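Participant: Provided below are the primary sequence and the corresponding predicted coordinates.
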Amino acid sequence: MTNNSWLDWNHLLNTYSNVVTKENLVIEIGSSTVSRTIDIAKRCKKLIGVEKYKNRIPADNKFSRYKIKIIKGDWQNLGEVITPNSIDIIIASHVIEHVKDDIKCLNESYKVLKEGGYLIFNTPNRKRLARTIIEFFIGERKFPFWEHIREYVKSDLEKLIEKSNFSDKEAVISSVGFGLRLFGFGYYTTRSPVILDSLSTFWEVVLRK
């Protein structure tokens, strides 16, 4: 068992580490957490951070030791700030549930990725164990909710991919984390039991162009 604090991020970083090389040009979508941006940059040749909100862009001096450039941009219009067919890997942690047009995000990623490049992202499972128990008593959550435009079950992600330019490409959807948080305490396994896959805490998606 493990604490849930950074479980999803650690899993995403491990997946990224397994495909990235020191020669890769990488994009991080949503670059407002300095330590995570640096973790990504340590493993590649150069990192371009794309952050939608100017007030969330960290100061340049935070990245002085690394080949990192942060630019203002929108995932939904990535091709406006990034050259097509120029990127090896795009990584996004908990961003897709916040955007209005998720299909456009996938298609814009496809546009700027090189052939064989990867899009790696994670997102909450709409039917995670805790949410499912709560909704049994109070009914299903309606979206948009707070900052989330939507959340996904696995079939939602499969349909999203099928509608995108990645539809005939390699795609892997993995469950990440399984557990509960009660009274301020929570413990999780890294992977959900296969039979309870639909109740995992997060989804991680790897798409290859």
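Facilitator: Received, thanks.
Participant: do you know how far the residue located most distally from the centre of the chain is from residue 130?
Facilitator: The centre of the chain is farthest from one residue, residue 137, which by CA atoms, centre = their mean lies 30.0 Å away. From residue 137 over to residue 130 the distance is 12 Å, taken as CB to CB, to the nearest Å. C-beta: built from backbone N, CA, C; applies to glycine.
Participant: name the SS class of the most centrally placed residue in the chain, please.
Facilitator: Centroid check for the chain by CA atoms, centre = their mean gives residue 121 as the closest residue, at 2.6 Å. Classification of residue 121 using DSSP: H, G, I helix; E, B strand; the rest coil returns strand.
Participant: quick one, what contacts it?
Facilitator: With contact taken as CB atoms under 8 Å, 6 or more residues apart in numbering, residue 121 is in contact with 12, 29, 90, 91, 92, 93, 95, 96, 204, 205.
Participant: among these, which lie within helices?
Facilitator: Using DSSP state H, residue 12 are the members of the contacts of residue 121 that sit in helices.
Participant: so which of the contacts of residue 121 comes closest to residue 173?
Facilitator: Distance to residue 173, by CB to CB, is smallest for residue 205 among the contacts of residue 121, at 5.3 Å.
Participant: ok, that closest one touching residue 122?
Facilitator: Yes - using CB atoms under 8 Å, residue 205 is in contact with residue 122, at 7.2 Å.
Participant: quick one, what contacts residue 50?
Facilitator: For residue 50, the contact set (CB under 8 Å, 6+ apart) comprises 27-31, 70-75, 78, 81-82.
Participant: strands of this structure, start to end?
Facilitator: 25-29, 46-51, 68-72, 87-93, 113-124, 170-176, 178-182, 185-189, 202-208 (DSSP state E).
Participant: could I get the ones you listed as JSON lines with distance to residue 144 and mean pLDDT?
Facilitator: Listed next are the strands of the chain as JSON lines, based on distance: least, CB to CB, whole Å; pLDDT from 0 to 100:
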{"stretch": "strand 25-29", "distance to residue 144": "20", "mean pLDDT": "99"}
{"stretch": "strand 46-51", "distance to residue 144": "21", "mean pLDDT": "96"}
{"stretch": "strand 68-72", "distance to residue 144": "24", "mean pLDDT": "94"}
{"stretch": "strand 87-93", "distance to residue 144": "19", "mean pLDDT": "99"}
{"stretch": "strand 113-124", "distance to residue 144": "14", "mean pLDDT": "98"}
{"stretch": "strand 170-176", "distance to residue 144": "23", "mean pLDDT": "94"}
{"stretch": "strand 178-182", "distance to residue 144": "23", "mean pLDDT": "68"}
{"stretch": "strand 185-189", "distance to residue 144": "25", "mean pLDDT": "61"}
{"stretch": "strand 202-208", "distance to residue 144": "19", "mean pLDDT": "98"}
